[in-house]
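*Asks:* Sequence isn't available, so here's the structure alone:
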């Protein structure tokens, strides 16, 4: 008999057995919605499964019963003894059919017209329509019935194995004798034939298994302790028995682990039905092929990937595959194919979902990204195809041009990715236009036991999950790998890359060392997504299999720990979460630099002051970056179009001559036939910087330490883990047009004097040219105290733009001070901050700020400035 | 003794004090305290406590109690007192709250006592806020007052306080 059918019989037998009891309880408490809901669900499941397995008689009967139950549940029908009797009769009939099905593998001949008519007579017509709708609801994978989560099916052999390991032979015999009694719950009158299938499988509560698992883990730990003690003894009477204990414990652990494993087919078995329904609804022919359904993985993981898998298959049906006509026109077979594959790969399971549809439409993704404001057109132009594809994982993104019933609601792939990453997995995708696309998911087999690297920092041990460890590096001054510093930030030269480093002891506040390049140090290279970084530790021990236990609620907010565990020697160690550590890489660096200053301020900044940067290679091998907000366009020009006149590089651009300069003076311009140009614009004038290669556009907190040593460089920052020079665009622009800022000031409508207060040197450097370009005379200072000094010296301004979060006097206090002073009391104040929320806005107004502008909102700032000055002028 | 009867909302406490209850007693900063014996999972001698970096101040660390991880809390800090001088050698009382085990470090463990119910008083209204929420009553014992602790309140305040920090 088909496995699915026998599984169905077991499940249905149990469900129906439970229903007898439930229905009687219902008769006694007619108004208990929980019982009704439970009954309805069991019948609903039976009906759905029958439909899928092609058991029409059972399906029709349970469908009719479902209608009545639906009415009862919705209160359209009263729970009467007649109704309950009718349902009970139906259940008996269902049981009889199922018992025949079990014997012969076929539904018995005949129909249940009489019973169905009775049921239909009881159900209202409205309710029938309702249940039709419910039918559709099957497609939407709602939360599975409670049973799915709390119970697990065990083949009896597996349980017996465990029992054999743990129990003396006598007890096993008893246990075996007991098992046949488990499903015995006969109903005395009208006894329908018993369904025997249940005897091969028993249901065990997952809690029981979890407890078993915990106890086995403890046993393993005790065993390890014993082994460690015995290792020192040469020979002892315990050696033999201990060997046996060791052996048995390992097998027991394996056995218990096995009870938690389920074939991935469990997560798949609803998919054929879903695909069938979808193909009808969408009028497409779809073949679903599944390989490797027997691949086993932990049921906890299985539960977590069920919904993401379903979602992706639906996606493939809906907008992956074309309609039959389109496929024929493209020279493909009329019916589309969706393939699901699962296989073990090391300690992981890899699942691929692929279709032979049209692939992802890059252009549409681009236009969607633009439309939804997820990126600007300049940003998109610089992205590779693969990077553009990644946008489908962003929240609120959907490529379906029309919102269909099936997909296109803009929820989905981001949730899918989040779910998969939550269990330590990764998802990637490939797409070939016209040929289809495939997702590949890599997930750990189990969450309960993971391999972890044990390290020591600051005198304490920690575990790092092996899955995120790329390699171990021992750095020393003499070896190829050595620690160097860019502006106090330690980095590691690892082959051809620069790796940002995180000193674990310092980050956990266990030590306060400077990472020096002289001493030997151990570096664990960890990877989170595409981001890798090095963790500097004092000592590296071995890899251990650890049992992950969640941390106490008191510690949940510590993002750096994902759990804790007990090691073989009985000590408790914390498990580090590489994700949490990665988030800390930026913050830790800042706190090192600014340890003398207020420690909270830089953190606040790192979360708020996000800036888009264009990262490029100028030709000298050092990555460089420029704020995207200053750049007008990115162009590519043939080097032959670049001419030299009057000792300057010029190119025709938009009906005028654009002066150009390479960022790296020694760049061999003609080494390539085409060169990317970063174009700046001011009214009718253009200026361009020639670079070697555009690398990326990144958004990241901008913490730059200014070093005025080299002209044209504002400072060094870390982008994607690499040290990057932030270029001073003003330096290059004034070289191209010596009057770039001066004349634009003249062309501007007014020459209002503006005072900019910001503690971040970067923002001062960013804002000053921007405002000068817009025609304002700008004075900038780094603190509120300095601004007040200016006030005391008698300086006058038309407007003041001030940061809020500043060390020393903050923006609010500054505003209050200014507003109460006779000299500057009339000057409009604009608050500048990365954080915008209502309460702060209100606080700003109370303190005396006229308006509030986001720090990186260039257009907003300029608009606010001119409107504020206008209204101030109007008043004057 | 009559003031308790006047307030109906005190009825729960009233019924509690009419039944004789047993407490595991301990002393902390010179104050005798008692924890209902039913709430005590274990009393521990000095244990190896593994420190947890970056944890809230009241968390001394974690310890391994027969395969379960127990969070060790400095009861002195929970009660706004100066921190325990030598947490590594302190004795502790293990209690359970929301399926998690916590060991509360105390200065000294006393006997199990079953004070007569007529010695019970509600905590004085003038008690400081840190103590008032966690104190469920006072027994006027001959030698010294015995303060009984409401473990659920104590841990709720500590856990919530740390999480919302």
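*Replies:* Alright, I've got the coordinates. Small disclaimer: the values here were computed from a predicted structure and weren't measured.
*Asks:* Any stretches of the stretch 201-350 of chain A with poor pLDDT?
*Replies:* Low-confidence segments of the stretch 201-350 of chain A (pLDDT under 70): A:346-347.
*Asks:* Can you name the residue of it nearest to chain B?
*Replies:* Nearest residue of the stretch 201-350 of chain A to chain B: residue A:218, at 3.5 Å (C-beta to the nearest C-beta). Backbone N, C-alpha and C define where each C-beta goes, glycine included.
*Asks:* which ones are touching that residue?
*Replies:* Contacts here follow C-beta atoms under 8 Å, 6 or more residues apart in numbering or on different chains; on that basis residue A:218 touches B:66, B:67.
*Asks:* Look up phi and psi at residue A:419.
*Replies:* Main-chain torsions, residue A:419, degrees, to the nearest 10: phi -60, psi -40.
*Asks:* so what's residue A:582 up against?
*Replies:* Counted by C-beta under 8 Å, 6+ apart, residue A:582 has contacts A:526, A:528, A:531, A:533.
*Asks:* Which residue ranges of chain B form helices?
*Replies:* B:3-6, B:11-18, B:75-78, B:129-132, B:151-163 (DSSP state H).
*Asks:* Drop anything exposed from the contacts of residue A:582.
*Replies:* When the contacts of residue A:582 are checked for burial by 16 or more other C-beta atoms under 10 Å in any protein chain shown, the buried set is A:526, A:528, A:533.
*Asks:* ok, what's across the strand from the second one?
*Replies:* With DSSP bridges applied, residue A:528 shows beta-bridge pairing to residue A:531.
*Asks:* from memory it sits against residue A:580, does it?
*Replies:* No: in this structure residue A:528 lies outside contact range of residue A:580 using C-beta atoms under 8 Å: 9.4 Å.
*Asks:* Check which helix or strand the residue lying closest to residue A:423 once chain neighbours are set aside maps to.
*Replies:* Closest residue in space to residue A:423, ignoring its immediate chain neighbours: residue A:304 at 5.0 Å, by C-beta to C-beta, 6 or more residues apart in numbering or on different chains. Assigned by DSSP states H and E, residue A:304 belongs to helix A:299-315.
*Asks:* Excluding its own residues, what touches the helix or strand just after that helix? List them.
*Replies:* Counting by DSSP H and E, the next helix or strand C-terminal to helix A:299-315 is helix A:324-329. Applying C-beta under 8 Å, 6+ apart, the contact partners of helix A:324-329 are A:283, A:284, A:285, A:321, A:333, A:334, A:335, A:336, A:358.
*Asks:* Would you mind listing what in the stretch 201-350 of chain A touches chain B?
*Replies:* A:214, A:217, A:218, A:221, A:222 (C-beta under 8 Å from any C-beta of the partner chain).
*Asks:* I'd guess the fourth one is in a helix, am I close?
*Replies:* Yes: the secondary structure assignment for residue A:221 places it in a helix, going by DSSP: H, G, I helix; E, B strand; the rest coil.
*Asks:* residues contacting the residue nearest to it when sequence neighbours are not counted?
*Replies:* Distances taken as C-beta to C-beta, 6+ apart put residue A:566 closest to residue A:221, at 5.8 Å, once the chain neighbours are dropped. With contacts defined as C-beta under 8 Å, 6+ apart, residue A:566 is in contact with A:221, A:547, A:549, A:572, A:573, B:64, B:67, B:69.
*Asks:* For residue A:39, pull up the helix or strand it's in.
*Replies:* helix A:33-53.
*Asks:* What's the mean pLDDT across the following helix or strand past that helix?
*Replies:* Later in the chain than helix A:33-53, the nearest helix or strand by DSSP H and E is helix A:56-74. Averaging pLDDT along helix A:56-74 gives 82.
*Asks:* Okay, angle between helix A:56-74 and helix A:33-53 too, please.
*Replies:* Using axes from the mean of the first three to the mean of the last three C-alpha atoms, to 10 degrees, the direction of helix A:56-74 lies 160 degrees away from that of helix A:33-53.
*Asks:* can you pull the buried residues of helix A:56-74?
*Replies:* Neighbour counts over helix A:56-74 (16+ other C-beta under 10 Å) mark A:57-73 as buried.
*Asks:* and residue A:490, that's in a strand?
*Replies:* Yes: membership of residue A:490 in a strand is supported by three-state DSSP.
*Asks:* Quickly list what it is bridged to.
*Replies:* Beta-bridge partners of residue A:490, as defined by DSSP bridges: residue A:485.
*Asks:* and the gap between it and residue B:52?
*Replies:* According to C-beta to C-beta, to the nearest Å, residue A:490 and residue B:52 sit 26 Å apart.
*Asks:* hmm, back to that, near chain B too, which of the buried residues of helix A:56-74?
*Replies:* Contacts with chain B are made by none of the buried residues of helix A:56-74, judged by C-beta under 8 Å from any C-beta.
*Asks:* which residues sit in contact with residue A:123?
*Replies:* So residue A:123 contacts A:64, A:67, A:68, A:70, A:71, A:77 (C-beta under 8 Å, 6+ apart).
*Asks:* quick check, nearest of the residues you listed to chain B?
*Replies:* residue A:70 (37.8 Å).
*Asks:* That closest one is in contact with residue A:41, isn't it?
*Replies:* No: using C-beta under 8 Å, residue A:70 is not in contact with residue A:41, being 11.2 Å away.
*Asks:* Pull out the buried positions in the strand or helix carrying residue A:115.
*Replies:* Residue A:115 is part of helix A:113-122 when elements are defined by DSSP H and E. Residues of helix A:113-122 classed as buried: A:115, A:116, A:118, A:119, A:122 (neighbour count, 16+ other C-beta under 10 Å).
*Asks:* Could you verify my assumption that residue B:55 touches residue A:554?
*Replies:* Yes: using C-beta under 8 Å, residue B:55 makes contact with residue A:554 at a distance of 7.3 Å.
*Asks:* higher neighbour count, the two?
*Replies:* residue A:554 (23 against 20; other C-beta atoms under 10 Å in any protein chain shown).
*Asks:* any idea how far residue A:560 is from that one?
*Replies:* 15 Å.
*Asks:* Would you mind listing what in chain A touches chain B?
*Replies:* Residues of chain A lying close to chain B (C-beta under 8 Å from any C-beta) are A:214, A:217-218, A:221-222, A:458, A:460, A:508-510, A:549, A:552-558, A:560-561, A:564, A:566, A:570-574.
*Asks:* Which members of the residues you listed are classed as buried?
*Replies:* When those are checked for burial by 16+ other C-beta under 10 Å, the buried set is A:214, A:217-218, A:221-222, A:458, A:460, A:508, A:510, A:549, A:552-555, A:558, A:560-561, A:564, A:566, A:570, A:572-574.
*Asks:* Bridge partners for the residue of the stretch 351-500 of chain A at minimum distance from chain B, pull those for me.
*Replies:* Ranking the residues of the stretch 351-500 of chain A by distance to chain B (C-beta to the nearest C-beta) places residue A:460 first, at 6.3 Å. Assessed by DSSP bridges, residue A:460 has beta-bridge partners residue A:457.
*Asks:* Now do the contacts for the nearest residue to residue A:385 once chain neighbours are set aside.
*Replies:* Leaving aside its sequence neighbours, residue A:385 sits nearest to residue A:362 (C-beta to C-beta, 6+ apart; 6.0 Å). For residue A:362, the contacting residues are A:385, A:388, A:389, A:433, by C-beta under 8 Å, 6+ apart.
*Asks:* Can you give me every residue that contacts the residue positioned nearest the centre of chain B?
*Replies:* The C-alpha lying nearest the average C-alpha coordinate of chain B belongs to residue B:149 (C-alpha atoms, centre = their mean; 4.4 Å). Residue B:149 sits next to B:33, B:34, B:35, B:134, B:135, B:136 when contact means C-beta under 8 Å, 6+ apart.
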